[in-house]
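Novice: Output the structure for:
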Amino acid sequence: MKELKYLKDYKHDEGLRKSFNELAAKVFGINFEEWYQKGFWNNHYIPFSYMDGDKVVANVSVNVLNLVINGEKKDALQIGTVMTHPDYRKRGLCASLMNKVLAEYENQYDYMYLFANQTVLDF
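Specialist: Next up is the predicted model:
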């Protein structure tokens with residue numbers, strides 16, 4: 001297997017965004033393109049991905065949030081859109097991406113949490 005390329009925050013690259021959306025549709029049945037076209041995919045949503053050629057094959061995204069909890073402003077980092085193409089699973093790609101996210105944002109936020117479904121709670 002050839003080495004995968006690591007890439008982040010490529011939302012304005014139409015080809016990469018299309019590949020990201022194809023993976024999201026395959027894994028979750030969702031597509032972010034309308035969200036992007038309406039200007040909602042801003043600098044607060046950042047994908048961290050592995051590419052095989054021009055195809056996104058694994059991803060962990062972060063969503064930067066500003067919260068008010070009990071009247072206090074808190075900075076939070078939501079981790080989500082954790083996905084791997086079925087042909088690339090069981091290789092530790094999302095764990096590697098998660099480690100990149102944690103290293104980049106460690107000690108910068110009051111809260112960090114994973115937005116997940118019941119099937120991946122152990123992750």
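
Novice: Local confidence estimate at the residue of the chain most remote from its centre?
Specialist: Note on the chain: the largest C-alpha distance from the chain mean falls to residue 71, namely 29.1 Å (Cα atoms, centre = their mean). Note for residue 71: predicted pLDDT of 96.

Novice: helices or strands up against the least confident helix or strand in the chain by mean pLDDT?
Specialist: Within the chain, no helix or strand scores below strand 111-114, which has a mean of 89 by mean pLDDT, DSSP states H and E. On a contact count with 3 or more Cβ pairs under 8 Å, 6 or more residues apart in numbering; DSSP states H and E, strand 111-114 meets strand 72-84. Placement of C-beta: from N, CA and C, glycine included.

Novice: coming back round to it: buried sites along the least confident helix or strand of the chain?
Specialist: In terms of neighbour count (16 or more other Cβ atoms under 10 Å), strand 111-114 has its buried residues at residue 112.

Novice: Identify the neighbouring strands of it in the sheet and state each direction.
Specialist: Within its sheet, strand 111-114 is paired with strand 72-84 (parallel), according to DSSP bridges.

Novice: Can you dump the C-alpha atoms of the strand it pairs with in PDB for me?
Specialist: Taking C-alpha atoms only, strand 72-84 is exported to PDB below (Å, rounded to 0.1, in the frame of the first residue of the first chain):
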ATOM      1  CA  GLU A  72     -19.800  31.700  31.800                       C
ATOM      2  CA  LYS A  73     -18.400  31.800  28.300                       C
ATOM      3  CA  LYS A  74     -16.600  28.500  27.500                       C
ATOM      4  CA  ASP A  75     -14.600  27.500  24.400                       C
ATOM      5  CA  ALA A  76     -15.300  24.000  23.200                       C
ATOM      6  CA  LEU A  77     -14.100  21.700  20.500                       C
ATOM      7  CA  GLN A  78     -16.600  19.200  19.100                       C
ATOM      8  CA  ILE A  79     -15.000  16.200  17.300                       C
ATOM      9  CA  GLY A  80     -17.200  14.600  14.700                       C
ATOM     10  CA  THR A  81     -17.500  13.300  11.200                       C
ATOM     11  CA  VAL A  82     -15.200  10.400  12.200                       C
ATOM     12  CA  MET A  83     -15.300   8.200   9.100                       C
ATOM     13  CA  THR A  84     -13.200   5.700   7.200                       C
END
